[in-house]
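Novice: Requesting a structural model of the entry that follows:
(one chain, ligands or ions: 1)
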Amino acid sequence: MKIIVFGAGAIGSLFGALLAKFNKVVLIGRKKHVEAIKKNGLTIEGKTKLHVEVFSEIDISKVEMKPDLIILTVKSYDTLEAVTQLSPLVKDDTLLLGMQNGLGNVDLIQNMIDIKCVIEGVTTNGAVFSKPGIITHTGSGKTIIGELDGKNTNRIKGIKKELTRSGIPTDISSNIFRDIWVKTIINSSINPLTVFCIQKNGYLLENPIIEKCVEQICIESTKIAKAYGFRFSNKSMIEKTKNVIKNTADNYSSMLQSINSDRKTEIDAINGKLAEIGNSYGIDTPLNNALIYFVKQINKK
Ligand SMILES: NC(=O)c1ccc[n+]([C@@H]2O[C@H](COP(=O)([O-])OP(=O)(O)OC[C@H]3O[C@@H](n4cnc5c(N)ncnc54)[C@H](OP(=O)(O)O)[C@@H]3O)[C@@H](O)[C@H]2O)c1
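Specialist: Alright, predicted model coming up:
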């Protein structure tokens with residue numbers, strides 16, 4: 001399969017390195033990372049240990065290969081710019097797999113790309129950009145992909161098979177939007193609080209006051225999802241959130257990592273979108289609003 005990974009940062013480089021074993025992969029990333037890969041190859045450390053020679057470019061218009069699959073792994077705030085750049089390469093038989101966190105990415109993608117070419121995914125793998133040319137795989141997890149209409153098509157089965165045989169264990173979802181919402185609710189309840197506490201994820205359950213905050217934010221975000229039409233229960237969402245905290249206790253959330261490296265956060269696509277949707281249903285979202293406010297006070301990007 002011919003695959004372009006657009007947004008070769010932490011998760012994109014990890015997926016690209018693994019997929020390069022059986023596929024022709026081109027990574028699109030930033031200059032320093034691309035130069036390091038061209039010079040020394042791409043190294044994955046941590047849970048996966050791998051060194052691969054893989055094609056990489058900073059400018060997608062230089063790529064002559066006609067891709068079967070494009071995996072989109074830029075942060076949510078870069079989605080529109082990314083799809084604008086990659087849209088000329090998407091033909092009728094090209095698939096675009098969005099592998100991002102937050103809500104609203106599909107809406108941005110479909111402004112530029114024929115929605116028939118779009119599939120979506122979420123992953124619980126964890127990866128950190130260590131330095132140009134080197135990525136650390138911090139947590140092995142599960143990847144879920146799905147057609148937007150939930151059908152179990154041959155093409156989605158084909159992508160699942162390819163990801164899984166490359167070392168990215170993948171399941172097919174019959175409701176990928178549901179999975180995206182579940183992940184967003186969980187992220188909304190964890191990420192901003194870790195910024196606030198300047199602590200690893202595990203701390204959120206070590207402190208009873210903060211644990212209560214996790215629960216209350218989770219309930220508020222779940223209420224929005226229910227208004228939107230999902231049949232989530234508070235109990236199961238709190239349980240899922242706490243399980244993620246336990247399983248990632250030793251990790252710094254991506255939001256805290258962004259703050260620490262003075263980069264923009266995905267707060268707008270996570271708590272921001274939840275609050276926006278909640279307000280459109282007449283739901284008050286004081287906790288999400290407060291988190292957005294505090295994160296933006298700390299990081300004004
Ligand atoms: N990392 C994880 O463990 C993980 C796990 C699950 C889901 N996710 C989700 O996956 C998405 C990506 O996360 P990440 O941690 O991999 O982010 P990341 O390390 O910031 O990777 C994205 C990379 O794409 C680059 N980029 C953005 N626009 C580009 C363009 N037009 N051309 C070339 N390169 C471009 C970024 O450059 P800049 O440095 O200039 O921004 C960055 O290097 C996010 O939505 C995140 O929430 C991440």
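Novice: where exactly do the strands run in the stretch 51-200 of the chain?
Specialist: 55-57, 69-72, 95-99, 118-123, 126-131, 134-139, 143-147, 170-172 (DSSP state E, counting those that start in this stretch).
Novice: now the angle between strand 134-139 and the fifth one, please.
Specialist: This points to strand 126-131. 160 degrees (axes from the mean of the first three to the mean of the last three Cα atoms, to 10 degrees).
Novice: what's in contact with strand 126-131?
Specialist: 9-11, 13-14, 33, 36, 45, 135-139, 141, 248, 251, 257 (Cβ atoms under 8 Å, 6 or more residues apart in numbering). The way it works is simple: take the backbone N, C-alpha and C, and place the C-beta from them, glycine included.
Novice: Can you select the buried ones from the residues you listed in ChimeraX?
Specialist: Only the buried members of the contacts of strand 126-131 enter the following ChimeraX selection, criterion being 16 or more other Cβ atoms under 10 Å:
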select :9,10,11,13,14,33,36,135,136,137,138,141,248,251,257
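Novice: Tell me which of the contacts of strand 126-131 fall in helices.
Specialist: 10, 11, 13, 14, 33, 36, 257 (DSSP state H).
Novice: The fourth one contacts residue 46, doesn't it?
Specialist: No - under the contact definition of Cβ atoms under 8 Å, residue 14 does not touch residue 46, with a separation of 9.3 Å.
Novice: Return every residue with contacts to both of these two.
Specialist: Each of residue 137 lies in contact with both residue 14 and residue 46 under the rule Cβ under 8 Å, 6+ apart.
Novice: Not counting sequence-adjacent ones, nearest residue to residue 135?
Specialist: residue 13 (4.5 Å; Cβ to Cβ, 6 or more residues apart in numbering).
Novice: what's near enough to touch that neighbour?
Specialist: So residue 13 contacts 5, 27, 29, 33, 42, 44, 127, 129, 135 (Cβ under 8 Å, 6+ apart).
Novice: Count residues in the vicinity of residue 230, would you?
Specialist: When neighbours are defined as other Cβ atoms under 10 Å, residue 230 has 16 of them.
Novice: mind checking how far it is from the ligand?
Specialist: To the ligand, residue 230 is 20 Å away according to Cβ to the nearest ligand atom, to the nearest Å.
Novice: now residue 23
Specialist: 19 Å.
Novice: residues near that residue, how many?
Specialist: Neighbours around residue 23, by other Cβ under 10 Å: 16.
Novice: looking at the strands of the stretch 51-200 of the chain, which is closest to residue 234?
Specialist: strand 118-123 (21.1 Å; Cβ to Cβ).
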